[in-house]
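A.B. asks: Got a predicted structure here, sequence first:
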Amino acid sequence: MVLGLVVSGLFSLIVMYDGIGVRRHAGMQAEVLNLIIRDLFEGHPISQRKLKELLGHTPSQVLAGER
C-alpha cells in the first residue's frame, strides 16, 4: 500500500516536471518564431498574428495543483 503511494507520487513529480519543461521550451520557440516572422514577413498579414509565448502554468501553480 505504501509502496504504491510512493511510486504514484514519484510518477506525479516526473509528469509535473516534464510538463513544466515542455511548456517552457515551447514558449521559447514561439518567441524565436515570432521574431523570425516579424523580420521576414514585415507588412504581410501573417506578421499580424503572433504565437502565444506564455504557455501553461507557472511552477508554483503546478505545485499548488491549480487547473
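C.D. replies: It's in.

A.B. asks: Do you know the pLDDT at residue 32?
C.D. replies: pLDDT, residue 32: 94.

A.B. asks: So which residues of this protein form helices?
C.D. replies: Secondary structure of the chain (DSSP state H): helices located at 2-40, 59-64.

A.B. asks: buried ones in stretch 56-67?
C.D. replies: Going by neighbour count (16 or more other CB atoms under 10 Å), the buried part of stretch 56-67 is 57, 62. Where you see a C-beta, it was placed from the backbone N, CA and C, and this is true even at glycine.

A.B. asks: Residues touching it, excluding its own?
C.D. replies: 16, 19-20, 23 (CB atoms under 8 Å, 6 or more residues apart in numbering).

A.B. asks: got the contact list for the residue nearest in space to the middle of the chain?
C.D. replies: Nearest to the geometric centre of the chain sits residue 23, at 1.3 Å (CA atoms, centre = their mean). Shown in contact with residue 23 (CB under 8 Å, 6+ apart): 55-57.

A.B. asks: And for residue 44?
C.D. replies: With contact set as CB under 8 Å, 6+ apart, residue 44 has no partners.

A.B. asks: Nearest spatial neighbour of residue 34, chain-adjacent residues omitted?
C.D. replies: Closest residue in space to residue 34, ignoring its immediate chain neighbours: residue 50 at 5.2 Å, by CB to CB, 6 or more residues apart in numbering.

A.B. asks: distance of that neighbour from residue 62?
C.D. replies: Distance, residue 50 to residue 62, using CB to CB, to the nearest Å: 25 Å.
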